[in-house]
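# Could you look at this predicted model? Sequence included:
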Amino acid sequence: MDQITNICIYGVGGVGGYFGAKIIDGDKNKSLNVTFIARGNNLEAIKKNGLALKTEDRIIKVKPNLATENVHDVGKIDLMLICVKSYDLDGVIKGIKDKLKADTVLIPLLNGVDIYERIRKNLDEGLVLPACVYVGTHIEDYGIISQKGGDGKIIFGKDPRRDNYYPRNVIELFEKLKINFSYQENPYKDIWTKYMFIAAYGLVTAKTGKTLGEVLEDSELFNDVEFIMREIKSIADQKKIPLDKDVIKDSLEKARSFPYETKTSFQRDVENPKKSNERDLFGETIIRLGKEYGITTEYTKKYYF
């Protein structure tokens, strides 16, 4: 595949809505066919009024070529951004198998250090580019995404199973659309660095109900966050992930850049009894990998529930 023309955004929440809007807005020649897969009231609002992205300096209003809940409505796909929660991932991958070509590119914008492996467990076709994303967004209302804190950024790398593929078509597309990105041969340093922060603080805030500010001022809780990070770092070392020397210190201090009352995304999900949460992605993943590599994970187990 030389050129990407058919793009699917699977999951139009904060992440998917942000990049979906940026892609359509950046396509000045309207040469792309963009599909949103969403559900419920959010889908109905997009069908009726399109999607609005409210940034700090402007409001972007876009309409996809198709908005649907049913992946079977979608034609063959060149590029798919997977923007769902981890607990939906298996179902998504099983549902899209017959829509993929050998050269369909999947970029999973989920939290987690084993997302590639979770996808490949159910999928042999396509090109899966390990990735992580940095973007400050939330759903303000159905069909409305609010974003603060500078341009969102996608970091992605090479498919470990397709060593001869260089994603020039994706890189050129993102450059044309002015999508903020970084291509790295090995993106796992960034994937694990982000995971260290969100998993450690996520587990402690979710179990205790404390905000980031409250955790920072509680020496015992702050200590426990650090030791969860140490457990993650020990696993990464065993996997030969080249993390920075000061990654734990930097990850601990990053929390000070957030307002005192900030709750983690995992914490907010746990507080809503009607909502699924990513407890498996954080606690269970660390415990499982720790067992696999002979790493003690007692602090993670303390906060895994």
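That came through, no problem.
# What's the local residue count around Lys240?
By other CB atoms under 10 Å, 7 other residues sit near Lys240. No exception for glycine: its C-beta is placed from N, CA and C like everyone else's.
# quick thing: my sequence starts at 55, can you match it?
Okay, residue one is now 55; in that scheme the one you just asked about reads as Lys294.
# Just the pLDDT at it, thanks.
You'll see Lys294 listed with a pLDDT of 97.
# does it sit in a helix or strand, and which one?
For Lys294, there is no enclosing helix or strand under DSSP states H and E.
# tell me the secondary structure for the most centrally placed residue in the chain?
Nearest to the geometric centre of the chain sits Leu164, at 2.5 Å (CA atoms, centre = their mean). Three-state assignment for Leu164 (DSSP: H, G, I helix; E, B strand; the rest coil): coil.
# so what's it closest to, chain neighbours aside?
Leaving aside its sequence neighbours, Leu164 sits nearest to Ser140 (CB to CB, 6 or more residues apart in numbering; 5.7 Å).
# where do the helices sit along this structure?
Using DSSP state H, the helices of the chain run over residues 68-80, 94-103, 140-150, 169-174, 222-231, 242-262, 266-270, 273-292, 301-308, 319-325, 333, 339-347, 352-357.
# list the buried ones in the longest one?
Neighbour-count burial for helix 242-262, counted by 16 or more other CB atoms under 10 Å, picks out 242-261.
# do stretch 276-295 as well
278-279, 281-283, 285-290, 295.
# give me the number of residues near Asn326?
9.
# Could you do Ser319 as well?
17.
# mind checking how far it is from Asp300?
Note on Ser319: its distance to Asp300, by CB to CB, to the nearest Å, is 25 Å.
# Contact partners for Glu239?
Taking CB atoms under 8 Å, 6 or more residues apart in numbering as the contact definition, Glu239 lies against 211-212.
# which ones are touching the nearest residue to Val258 once chain neighbours are set aside?
Residue nearest to Val258 in three dimensions, not counting chain neighbours: Val279, with 5.2 Å by CB to CB, 6+ apart. For Val279, the contacting residues are 254-255, 258, 269, 306, by CB under 8 Å, 6+ apart.
# Glu98: which of these is nearest?
Each of the contacts of Val279 was checked against Glu98 using CB to CB; the closest is Tyr255, at 34.6 Å.
# and the gap between the closest one and Phe312?
9 Å.
# cool, and Glu346?
32 Å.
# which one of those two has more residues nearby?
Higher neighbour count among Glu346 and Phe312: Phe312, with 16 against 11, using other CB under 10 Å.
# can you tell me which residues contact the more buried one?
Phe312 touches 266-267, counting by CB under 8 Å, 6+ apart.
# switch to 6 Å and redo it
Leu266 (CB atoms under 6 Å, 6 or more residues apart in numbering).
# Residue ranges in the stretch 255-359 of the chain under the pLDDT threshold?
With pLDDT under 70 as the threshold, the stretch 255-359 of the chain has no low-confidence stretch at all.
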